[in-house]
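1. pasting the sequence and the predicted coordinates here, then a few questions.
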Amino acid sequence: MKKTLITSALLALGLIANAQIANKSNWVTPYENAIATVSGNTVTFEIDHYAESEEIVKFNKISNNKYSITRTKDTWSFSEDAKFVELQTINNKKYLFVKDDKNNILEFFENTNSEEQTFELDVMNKPYNLLLNGDYVDENGKKYKIDNGTITIGGKEYSYTLAEQMYFIMQSDYCTFYWETSTTGINLYYTQQGEYTTEKGKLFHKLKNVSPQGRWTFLSDEIVRNQALWRFDNKTLRIMRNEIYARHGWIFNSADLKSYFSAQPWYHPGTDNNKIKLSQIEEINVNIIKNFEKQENRPMDEGLK
């Protein structure tokens, strides 16, 4: 009886994984909707991709919460690096993590009660908006704020959408911008029409992030999407990953990190790194970002500053 109560409590807290994928359960990413059909130890995952054909992949249960991946003739988006999926419950939400043989997370699906993914722009843009959100100032001290689809410039708010397939065009009521990331914030450029696509034009402003609690505070509450990280070079990704530790007061030995975080008003170094404990979501985000830093030939690597 005591063991049952302890197990139930741990499940409620999300500290141990739920043991099975439910039949006819729905799973989503911002770009995909999947329905799981369970038969014994086999799960058939039918995936509906935004603007793409449907896909079928099978998972075979190999342990309590792990499933091996079996590709069918209709499997095309799961890379050869994807070896198994792992079911986890975190803060009462179920996640299905696609992992390689080194336990690195390549992608993940979230369990939802919705039977259909609508593929609305605000949902698809969310992974990018989370990384852009924050308070900024330009070279002249003018204030900007980016917040989930709105950009405030000099106190006036404009709505925007992230347009085009690769999400580097910000279309707002104020202006259409081409955006790039930097180690201190983002750079906004006017756009110009190329032969086939909208391209970067003259610099509008360089924006420095001055968010009072850090640039990427969402990394303590939500899991970052791999697809949104390709706009950041390794230097910025390293700062992003270590900001997670910095908010806990991590003492840095590397001169560059020590210099960067010491300049942040929200950073307060502790006394003992051994006493720092990351949350489960923070540990997952460290894993995702660190693994992404190791990838070679990422899209748009050329031109990143």
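-> Structure received. Numbers count the residues shown, from 1 in each chain.
2. quick check, residue 285 in a strand?
-> No - assessed with DSSP: H, G, I helix; E, B strand; the rest coil, residue 285 is helix; it does not lie in a strand.
3. and it, what does it touch?
-> For residue 285, the contact set (Cβ atoms under 8 Å, 6 or more residues apart in numbering) comprises 219, 223-224, 241, 244. The C-beta positions use only the backbone N, C-alpha and C, and glycine is treated the same way.
4. out of those residues, which are inside helices?
-> If you go by DSSP state H, the contacts of residue 285 have 241, 244 in helices.
5. nearest to residue 89, of the contacts of residue 285?
-> Distance to residue 89 across those (Cβ to Cβ) is lowest for residue 223, with 13.2 Å.
6. residues near the closest one, how many?
-> 22 (other Cβ atoms under 10 Å).
7. what about the helices in the stretch 151-300 of the chain?
-> 234-246, 255-262, 280-294 (DSSP state H, counting those that start in this stretch).
8. closest to residue 35 out of the ones you listed?
-> That would be helix 280-294 among these, by Cβ to Cβ, at 24.7 Å.
9. residue 200 bridge partners, please.
-> As for beta bridges, residue 200 partners with residue 191 under DSSP bridges.
10. so what pLDDT did it get?
-> Per-residue pLDDT puts residue 200 at 85.
11. and for residue 187?
-> Note for residue 187: predicted pLDDT of 92.
12. equivalent analysis for residue 103, please.
-> Model confidence at residue 103, given as pLDDT, is 91.
13. which residues touch it?
-> Counting by Cβ under 8 Å, 6+ apart, the residues that residue 103 touches are residue 287.
14. am I right that it sits in a helix?
-> No - read with three-state DSSP, residue 103 is coil and lies in no helix.
15. quick one on the thing from earlier: out of the helices of the stretch 151-300 of the chain, which gets nearest to residue 205?
-> Residue 205 lies closest to helix 234-246 among those, at 18.4 Å (Cβ to Cβ).
16. could I get the buried residue list for the closest one?
-> Neighbour counts using 16 or more other Cβ atoms under 10 Å place 236-246 of helix 234-246 among the buried residues.
17. any idea how far residue 244 is from residue 221?
-> Separation of residue 244 from residue 221 (Cβ to Cβ, to the nearest Å) stands at 11 Å.
18. equivalent analysis for residue 23, please.
-> Distance from residue 23 to residue 221, by Cβ to Cβ: 30 Å.
19. thinking again about what came up before, from the buried residues of helix 234-246, which two are the most distant?
-> 236 and 245 (15.7 Å).
20. so where is the stretch 1-150 of the chain shaky, pLDDT-wise?
-> In the predicted model, the stretch 1-150 of the chain carries pLDDT under 70 at residues 1-19, 50-52, 114-124.
21. so where do the helices sit in it?
-> Under DSSP H, counting those that start in this stretch, the stretch 1-150 of the chain gives helices at 2-13, 121-132.
22. the helices of the stretch 151-300 of the chain: which one's closest to residue 68?
-> helix 280-294 (20.3 Å).
23. name the nearest residue to residue 198, ignoring sequence neighbours.
-> Excluding the flanking residues, the one nearest residue 198 by Cβ to Cβ, 6 or more residues apart in numbering is residue 191, at 5.0 Å.
24. number of nearby residues for the one you found?
-> Look at residue 191: counted by other Cβ under 10 Å, it has 20 neighbours.
25. I'd guessed it sits against residue 171; true?
-> No - under the criterion of Cβ atoms under 8 Å, residue 191 makes no contact with residue 171, lying 9.2 Å away.
26. so residue 161 is in contact with residue 151, correct?
-> No - here residue 161 lies out of contact with residue 151, judged by Cβ under 8 Å, at a distance of 10.9 Å.
27. quick check: pLDDT value at residue 273.
-> So, for residue 273, pLDDT stands at 95.
28. and for residue 216?
-> pLDDT, residue 216: 95.
29. so it versus residue 289, what's the distance?
-> Distance, residue 216 to residue 289, using Cβ to Cβ: 10 Å.
30. mind listing the shared neighbours of those two?
-> Contacts common to residue 216 and residue 289, judged by Cβ under 8 Å, 6+ apart, are residue 240.
31. so what's the residue count around residue 77?
-> Neighbours around residue 77, by other Cβ under 10 Å: 14.
32. what residues does it make contact with?
-> Each residue near residue 77 by Cβ under 8 Å, 6+ apart is listed here: 47, 49, 55.
33. gap between residue 293 and residue 219?
-> 15 Å.
34. what's the burial count for residue 289?
-> 22.
35. contacting residues around it?
-> Counting by Cβ under 8 Å, 6+ apart, the residues that residue 289 touches are 224, 229, 237, 240-241.
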